[in-house]
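Visitor: need coordinates for the following:
(2 chains, ligands or ions: 1)
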Amino acid sequence: MSEFLISEFYEKLKEGNLVGVKCRKCGFYMLPPRMICRNCGTNDLEWVESSKTGVLETFTVVHVPPVGLGKEAPYIVGIIKLDNGGKVTARIEGFNPNEPEKIKIGSKVTLTPLTREGKPVLAFKPINQ
Amino acid sequence: MLGKVAVVGAGMTRFHHSLHKNKNGRELFVEAVLEAYSSVDKGIDPSEIGAVFTGYFAPTFFEHQAHVGPLAADWVNLTPKMGWRTESACASASAAFITGYMAVASGLRDVVIVGGIEKMSNLTTEEVTDALSVAADNEYELPAGVTFPGQFATMANAYFKRYNVTWEQLQAIPIKNHRNGALNPKAQFQETIMDRAVKVGKKLGVKFKDELDFLKSEYNRVIAWPLRLFDCSPISDGASAAILVRGELAKKYTDTPVYVSGVGFATDSLSLHDRQTYTSFKSTMEASKQAYRQANVKPKDVDVAEVHDCFSIAEAIATEDLGFFKKGEGVKAAQKGITSIKGDKPINPSGGLKCKGHPVGATGIAMVYEIWKQLRGESGKRQVENAETGLIQNLGGSGASCGVIILRR
Ligand SMILES: [Zn+2]
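Guide: Numbering: from 1, shown residues only, chains lettered A, B, ... in the order given. So this is what the prediction gives:
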């Protein structure tokens, strides 16, 4: 089971790869990865490459950030549904956080991971804008 | 087979951001318990109490203090009785209540105290934001910079888009809750939003023509777009307590007991992205289903409810998930006055978390306090007429947990 550590997910993200897990028994796909299949309950899972493009399902612009992120605010956080299924919470780049009305739910986005203090952060930016 | 359980006493401190500056959590808890004792009509001897369960979300952040269960028991002089702290983010107190309920209904104890505490004002807003954010998933949500208001703002955007509702329409909820809270001596802000607009206007030398005019102004700053300051419950200090007894013993303590007729508690994924929808809470629906079934009560039978309006949007969604209104109709119901004290379905007569205050771990039992008073006809100017069945809905974090309790006269 060691390969299914969350740290492994982030190691792969560091290299620019987004990965989910697929249940070997029922085929159910999960992103972000977890240890037990949400569909059938078995723990027989394998890593599967995720698509790097998806759709912005919803978002917010954070103006009051937690400690440590003061310099980044205002910033956009959203939920992305990847083209091959699975959903993640990620930073949204490439829009002006001061013009939230122009950020459209349903926008097509692509993976563009960020790094904060050496750690990878999931981020997406709009395609063809 | 579960035995009958009655609430025979309840107490709470006033909720406030500065009034309790020089007190700490345990002192606030003592204050709430002493009021609960004195609220017992025929009196209670503390030696009869068999256990103390205390909700507190983040004492380690706020007070550099853990092990709050025995600490709370000790400060109300109840050691060596059974007791521990329950934690389920903002639903920590309903978790304490249901723990106490289980102890009494199972026959393990005859009389218990349940309570809740949060002493938040020691930290700066940034630090509080940080402390509350850990109710979200530390591995899969926080790295992106998720905050507690941010989670609800994310849901608000999804809700607006799905049901074609605007932020302006949503303001009916905080406006209503401030009108209610203005009548509540325990509330943090005892003023309507118009009262505040007039005060701010005088200071700035401007005139706001109505509540919405003020709420749209720069003074009501954006916290997490589209939610602004007045969409958010405040940082508060406070504590709450209630006394639960075996049903057969109730008349020994009071001639007007309030019975716990159903309880429910449900869980969901911490991460919003792991849920199918962002416009309703599975945890609320499941917990209320459990409570309705046990109580044999239908949503239409509920005369008054205290729901978890940590953010304006959360009240709209709660009133839909509890079955009071159809999906997407919660905001409209508030706009039409249906949820006002004199409306058909009064919601948050206490002022809700928005106006009464939200010391996170104390909230669930402060809701019980309000419903207990309402059912006994002791709510003064904010009394809902002929309230016989009341409900509380206490949400944890962004909905990964939820407690629902139904009380009847
Ligand atoms: Zn499976």
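Visitor: from here on, contacts and neighbour counts on C-alpha atoms
Guide: Fine.
Visitor: which stretch of helix or strand covers the residue of the stretch 201-350 of chain B found nearest chain A?
Guide: When scored by Cα to the nearest Cα, the stretch 201-350 of chain B has residue B:224 as its residue closest to chain A, at 4.4 Å. If you go by DSSP states H and E, residue B:224 is part of strand B:222-225.
Visitor: list the neighbouring strands of that strand plus their orientation.
Guide: Strand pairing for strand B:222-225, using DSSP bridges, gives strand A:53-62 (antiparallel), strand B:227-228 (antiparallel).
Visitor: quick one: residue A:46 is in a helix?
Guide: No. Assessed with DSSP: H, G, I helix; E, B strand; the rest coil, residue A:46 is strand; it does not lie in a helix.
Visitor: who touches it in this structure?
Guide: Residue A:46 is in contact with A:21-24, counting by Cα atoms under 8 Å, 6 or more residues apart in numbering or on different chains.
Visitor: try residue B:39
Guide: Going by Cα under 8 Å, 6+ apart, residue B:39 touches B:8-11.
Visitor: any idea how far it is from the ion?
Guide: Distance of residue B:39 to the ion, computed by Cα to the ion, to the nearest Å: 54 Å.
Visitor: per-residue confidence for that residue?
Guide: At residue B:39, the pLDDT value in this model is 98.
Visitor: what do you get for residue A:3?
Guide: 63.
Visitor: go through the strands paired with strand B:222-225 and pick out the most buried.
Guide: Comparing the strands paired with strand B:222-225 by mean neighbour count (mean count of other Cα atoms under 10 Å in any protein chain shown), strand A:53-62 ranks first with a mean of 26.
Visitor: residues making contact with it?
Guide: With Cα under 8 Å, 6+ apart, strand A:53-62 has contacts from A:73-83, A:97, A:100, A:104-111, B:146-147, B:150-151, B:153-155, B:157-158, B:223-226.
Visitor: out of these, name the ones that lie in strands.
Guide: Counting by DSSP state E, the contacts of strand A:53-62 place A:75-82, A:108-111, B:223-225 in strands.
Visitor: which of these tops the neighbour count?
Guide: residue A:80 (31 neighbours; other Cα atoms under 10 Å in any protein chain shown).
Visitor: so which pair among the ones in strands among the contacts of strand A:53-62 is furthest apart in space?
Guide: The largest separation in the ones in strands among the contacts of strand A:53-62, counting by Cα to Cα, is between A:82 and B:223 at 28.1 Å.
Visitor: now do the phi/psi pair for the residue nearest the centre of chain A.
Guide: Geometric centre of chain A, nearest residue: residue A:88, 3.6 Å, by Cα atoms, centre = their mean. Torsion angles at residue A:88 (phi, psi; degrees, to the nearest 10) stand at phi -140, psi 150.
Visitor: check contacts around it.
Guide: Counting by Cα under 8 Å, 6+ apart, residue A:88 makes contact with A:31-32, A:79-81, B:140, B:273-274.
Visitor: cool, and residue A:38?
Guide: So, once contact is read as Cα under 8 Å, 6+ apart, residue A:38 ends up touching residue A:28.
Visitor: ok, residue B:36 next?
Guide: Contacts were defined as Cα under 8 Å, 6+ apart; by that measure residue B:36 touches B:9-12, B:241-243.
Visitor: so it, which of the three states?
Guide: Assigned with three-state DSSP, residue B:36 falls in the helix class.
Visitor: how many other residues sit next to residue 90?
Guide: By default, I'm working from chain A. Applying other Cα under 10 Å, we find 27 other residues in the vicinity of residue A:90.
Visitor: not quite, go with chain B.
Guide: 33.
Visitor: correct me, but it touches residue B:394?
Guide: Yes. Counting by Cα atoms under 8 Å, residue B:394 is a contact partner of residue B:90 at 7.2 Å.
Visitor: near chain B, which residues of chain A?
Guide: By Cα under 8 Å from any Cα of the partner chain, the residues of chain A that approach chain B are A:6, A:32, A:57-67, A:69, A:77-79, A:87-91, A:100, A:121-123.
Visitor: switch to 7 Å and redo it
Guide: Counting by Cα under 7 Å from any Cα of the partner chain, chain A comes close to chain B at A:58-67, A:77, A:79, A:87-91, A:121-122.
Visitor: distance of the closest residue to the ion within the stretch 201-350 of chain B relative to residue A:88?
Guide: Per Cα to the ion, residue B:274 is where the stretch 201-350 of chain B lies closest to the ion, at 15.8 Å. For residue B:274, the distance to residue A:88 equals 8 Å [Cα to Cα, to the nearest Å].
Visitor: which residue is the nearest non-sequential neighbour of the residue of chain A positioned farthest from its centre?
Guide: For chain A, the residue at maximal distance from the C-alpha centroid (Cα atoms, centre = their mean) is residue A:25, at 25.0 Å. Nearest in space to residue A:25, with sequence neighbours left out and distances taken as Cα to Cα, 6 or more residues apart in numbering or on different chains, is residue A:44 at 6.9 Å.
Visitor: any idea which helix or strand of chain B has the worst average confidence?
Guide: None of the helices or strands of chain B scores lower by mean pLDDT, DSSP states H and E than helix B:125-133, at a mean of 90.
Visitor: where does the residue nearest to the centre of chain A land on pLDDT?
Guide: 98.
Visitor: bridging residues for it?
Guide: residue A:80.
Visitor: where does residue B:137 land in three-state SS?
Guide: Assigned with three-state DSSP, residue B:137 falls in the coil class.
Visitor: residues near it, how many?
Guide: By other Cα under 10 Å, 15 other residues sit near residue B:137.
Visitor: can you tell me how far it sits from residue B:187?
Guide: Taking Cα to Cα, one finds residue B:137 at 31 Å from residue B:187.
Visitor: kindly report the same for residue B:337.
Guide: Using Cα to Cα, we find residue B:337 at a distance of 21 Å from residue B:187.
Visitor: compare these two and say which is more crowded by neighbours.
Guide: Neighbour comparison, residue B:337 and residue B:187: the larger count goes to residue B:187, with 25 against 17 (by other Cα under 10 Å).
Visitor: before we move on, back to that, what's the local residue count around the residue nearest to the residue of the stretch 201-350 of chain B closest to the ion when sequence neighbours are not counted?
Guide: Excluding its sequence neighbours, the residue lying closest to residue B:274 (Cα to Cα, 6+ apart) is residue A:87, at 6.8 Å. Neighbours of residue A:87 under the rule other Cα under 10 Å: 24.
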